[in-house]
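Student: could you look at this predicted model? Sequence included:
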Amino acid sequence: MAGTDKKGNFSADIAQEVIDAALKSVERRNTSSDSEEGLTLEVESAEPPTEMNEVPAAEAELAGASEPAGASEPASSAQVAELSAALEAARKEVESLRAQLEFSQGESRKLMERLKDDHERSLRAAADLENYKKRAQKEKEEVQKFGSEKLLKDLLPVMDNLDRAMDAATKSPDFVSFQKGVAMTRKSFEDTLSRHGVKSFSAKGQVFDPRLHEAMQQVETAEVPAGHVAFEVLRGYYLNERLARPALVAVARAPSQPSAEPSGASAAPEAGASPAVSSETEKPAGSQ
């Protein structure tokens, strides 16, 4: 090896065969497989050992000129450690994301199953509601048509009794027997109504109540106090504790006081007026 006068420049006398062998070794290393990376390449050369030793020395000098000695190995170790730490962090993050994805998928499957069940239940509920509406409408129509069937069956015997009473009246002129038969028929009719919740009530002598009584007229009478029912025109009826028909009554009113007249003489009737006629007939003395 011979140096030059200029500082920083160097030259080396290397044989051409050594250079060719080194290039071939580099090419074989690039094309070799992974299993052959650890093998050492042997370069055969006819040059003396002194010339072979000069090539590593030249390569060392070139490496020493490009970067400081001993800096490449620590730098590569730090990079490897940093890459390993980043790889481990990425692996943990991937595992965490995978766990979150599996949890989300599981929850979504549960939610879809729940939504499916709710949808099926809502469909069944809608179908049941529609069927219930149809049944209710059918039952309502049947009640409107045949709701009075039981009452009719109970009233038919009353009609039969009335028919028998009419036949008996045509065959026999016994009025007393006919009256008894009609009374018995009326009692049977009243019992039938009572079984169906229909009950009558008496208003005669009671205080007039507009909630239960319907006034037809007022009459002057002293038999009952004023504002009381003098007599009934039609009886009132309840249906299961509800007023079905108010009683048609006449309400009592206090009799008017007679006007004062001169003693021993009555007022003369006016011209064209008819004389007053007493509504009571004269009775003999001593009669009650």
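Tutor: Good, I have the coordinates.
Student: can you pull out the helices in the stretch 151-288 of the chain?
Tutor: Taking DSSP state H, counting those that start in this stretch, the helices of the stretch 151-288 of the chain run over residues 175-195.
Student: for it, which spans come out with low pLDDT?
Tutor: 258-288 (pLDDT under 70).
Student: would you map the strands across it?
Tutor: Using DSSP state E, counting those that start in this stretch, the strands found in the stretch 151-288 of the chain span residues 198-201, 213-220, 229-234, 236-239, 242-245, 247-253.
Student: in its sheet, which strands sit next to the fourth one, and in what direction?
Tutor: Put plainly, it is strand 236-239. Here the strand partners of strand 236-239, with direction, are listed using DSSP bridges: strand 198-201 (antiparallel), strand 242-245 (antiparallel).
Student: buried deepest among those, which one?
Tutor: Mean neighbour counts were compared across these using mean count of other C-beta atoms under 10 Å; the top stretch is strand 198-201, at a mean of 14. Where C-beta positions appear, they are placed from N, C-alpha and C, glycine not excepted.
Student: gap between P246 and P210?
Tutor: Separation of P246 from P210 (C-beta to C-beta, to the nearest Å) stands at 9 Å.
Student: try K92
Tutor: Distance, K92 to P210, using C-beta to C-beta: 92 Å.
Student: same check on E17?
Tutor: Applying C-beta to C-beta, one obtains 143 Å for the distance of E17 from P210.
Student: what sits against the residue nearest to E220 when sequence neighbours are not counted?
Tutor: When the adjacent residues along the chain are set aside, E220 lies closest to P255, with 4.5 Å between them (C-beta to C-beta, 6 or more residues apart in numbering). Listed by C-beta atoms under 8 Å, 6 or more residues apart in numbering, the contact set of P255 reads E220, T221, A222.
Student: now the last one: how far from R253?
Tutor: If you measure A222 against R253 using C-beta to C-beta, the figure is 10 Å.
Student: over to the first one?
Tutor: Remark: distance between E220 and R253 (C-beta to C-beta) = 5 Å.
Student: how about low-confidence regions in the stretch 1-150 of the chain?
Tutor: Short version for the stretch 1-150 of the chain, where the test is pLDDT under 70: 1-15, 18, 25-75.
Student: one more time with 80
Tutor: Along the stretch 1-150 of the chain, the parts satisfying pLDDT under 80 run over 1-76.
Student: which residue ranges form the helices in it?
Tutor: In order along the chain, the stretch 1-150 of the chain carries the following helices (DSSP H, counting those that start in this stretch): 16-31, 49-66, 72-146, 149-171.
Student: in JSON lines: the ones you listed, plus mean neighbour count and distance to K204.
Tutor: Conversion of these to JSON lines gives the following (neighbours: other C-beta atoms under 10 Å; distance: least, C-beta to C-beta, whole Å):
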{"stretch": "helix 16-31", "mean neighbour count": "12", "distance to K204": "134"}
{"stretch": "helix 49-66", "mean neighbour count": "12", "distance to K204": "138"}
{"stretch": "helix 72-146", "mean neighbour count": "10", "distance to K204": "38"}
{"stretch": "helix 149-171", "mean neighbour count": "13", "distance to K204": "26"}
